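Q: below: sequence and its predicted model.
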Amino acid sequence: MDVERGRGGEAGASGPAAALDVLGDRWTLPLVAALLPGPLRVTDLCRAVPGIASNVLTQRLRRLDAAGLLETHPYSTRPWREEYRLAHAGELLAPALKELERWAGPSPVERAPVHQPCGSKMESRWYCPECDQVVASPPAEEEVVDA
């Protein structure tokens, strides 16, 4: 993701401000959520995100593409038509979207999923599949290395 400016145009914004700069409007997260299952065309996106105006849809798709979260692939050359799919960076938003959905659930009781065998509420954790270790908190910023 290529985020050079945060909210209000601050250079080098990071964390929540950088995320909001790319994702923080009414339509972007619903578009990303609609694209999680797979590629869609403009008409499919209009159905998946009711109420979005076509000019706003076009603008958001261009913004997501410029941020590296979206890829476009032509499916017709006459007339030119494209389908849209999430790039790897966009797919990485899936866990965050699931957590936001859970947080916004109808009641606090329903916000956390329940582990069926024992009935305990489950929590999100950072996990390293290489080491098979769960870490209680995210690594400090200086420990994060881009892959």
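A: Structure received. Numbers count the residues shown, from 1 in each chain.
Q: go through stretch 26-39 and flag the buried ones.
A: Counting neighbours by 16 or more other CB atoms under 10 Å, one finds that the buried residues in stretch 26-39 are Trp27, Thr28, Leu29, Pro30, Leu31, Val32, Ala33, Ala34, Leu35. The C-beta positions use only the backbone N, C-alpha and C, and glycine is treated the same way.
Q: and the contacts of it?
A: 22-23, 40, 44-45, 48-49, 52, 56-57, 60-61, 63-64, 69-70, 73, 83-86, 90-91, 93-94, 97, 100 (CB atoms under 8 Å, 6 or more residues apart in numbering).
Q: return a ChimeraX selection command for the buried portion of the residues you listed.
A: Buried residues within the contacts of stretch 26-39, as defined by 16+ other CB under 10 Å, are selected in ChimeraX through the command that follows:
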select :22,23,40,45,49,52,57,60,61,63,64,69,70,83,84,85,86,90,93
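Q: now, which of the contacts of stretch 26-39 lie within helices?
A: Residues from the contacts of stretch 26-39 lying in helices, with DSSP state H as the criterion: 22-23, 44-45, 48, 56-57, 60-61, 63-64, 90-91, 94, 97, 100.
Q: need the contact list for the spatially most central residue of the chain.
A: Among the residues of the chain, Leu93 comes closest to the average C-alpha position under CA atoms, centre = their mean, at 3.3 Å. Taking CB under 8 Å, 6+ apart, we find Leu93 in contact with Leu23, Val32, Leu69, Leu86.
Q: give me the distance between the third one and Ala89.
A: What it means is Leu69. Separation of Leu69 from Ala89 (CB to CB, to the nearest Å): 5 Å.
Q: quick one, grab the pLDDT at the residue lying farthest from the centre of the chain.
A: If you look at how far each residue of the chain sits from its centre, by CA atoms, centre = their mean, the farthest one is Arg78, at 31.6 Å. You'll see Arg78 listed with a pLDDT of 89.
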